[in-house]
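Asks: one predicted model, sequence on top.
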Amino acid sequence: MILSISGVVLLGIIVFLFFKKDGLKASHALICALFGFYLAGTAIAPSITAGGASLAGMLGGIKF
């Protein structure tokens with residue numbers, strides 16, 4: 001678990017730096033995919049899923 005969380009933190013920092021400095025390239029997209037994969041294995045994953053579902057419901061409820 002500790003290795004997984006430290007990996008998530010490291011990959012998160014790398015993803016942040018990619019977006020801030022260079023824009024997103026193919027190699028950066030691979031790092032982002034790995035970040036998502038490791039993040040899904042942490043204890044915060046259910047909260048992220050619930051937040052995403054809530055956001056999707058809110059956006060789906062907007063009337064134009």
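Replies: Alright, I've got the coordinates.
Asks: figure out the helix or strand that the residue nearest to the spatial centre of the chain lives in.
Replies: For the chain, the residue sitting closest to the mean C-alpha position, by Cα atoms, centre = their mean, is residue 36 at 4.9 Å. Assigned by DSSP states H and E, residue 36 belongs to helix 26-40.
Asks: which one's the longest helix in the protein?
Replies: Longest helix in the chain by number of residues, with DSSP state H as the criterion: helix 2-21.
Asks: report the residue spans of the chain with pLDDT below the cut-off.
Replies: Counting by pLDDT under 70, the chain contains low-confidence ranges at 1-5, 7.
Asks: mind checking how far residue 42 is from residue 51?
Replies: When Cβ to Cβ, to the nearest Å is applied, the distance between residue 42 and residue 51 equals 14 Å. All C-beta atoms are positioned from the backbone trio N, CA, C, and that covers glycine.
Asks: with just CA atoms, put stretch 6-24 into PDB.
Replies: Extracted as PDB, the C-alpha positions of stretch 6-24 are listed here (Å, rounded to 0.1, in the frame of the first residue of the first chain):
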ATOM      1  CA  SER A   6       4.100   6.900  -3.200                       C
ATOM      2  CA  GLY A   7       3.900   5.800  -6.800                       C
ATOM      3  CA  VAL A   8       0.600   7.700  -7.200                       C
ATOM      4  CA  VAL A   9       2.200  10.800  -5.700                       C
ATOM      5  CA  LEU A  10       5.300  10.600  -7.900                       C
ATOM      6  CA  LEU A  11       3.200  10.000 -11.100                       C
ATOM      7  CA  GLY A  12       0.800  12.800 -10.100                       C
ATOM      8  CA  ILE A  13       3.700  15.300  -9.800                       C
ATOM      9  CA  ILE A  14       5.100  14.100 -13.200                       C
ATOM     10  CA  VAL A  15       1.700  14.500 -14.800                       C
ATOM     11  CA  PHE A  16       1.300  18.000 -13.300                       C
ATOM     12  CA  LEU A  17       4.800  19.000 -14.600                       C
ATOM     13  CA  PHE A  18       3.900  17.700 -18.100                       C
ATOM     14  CA  PHE A  19       0.800  19.800 -18.300                       C
ATOM     15  CA  LYS A  20       2.500  22.900 -16.900                       C
ATOM     16  CA  LYS A  21       5.700  22.800 -18.900                       C
ATOM     17  CA  ASP A  22       5.500  20.900 -22.300                       C
ATOM     18  CA  GLY A  23       1.900  20.200 -23.200                       C
ATOM     19  CA  LEU A  24       0.900  16.500 -23.500                       C
END
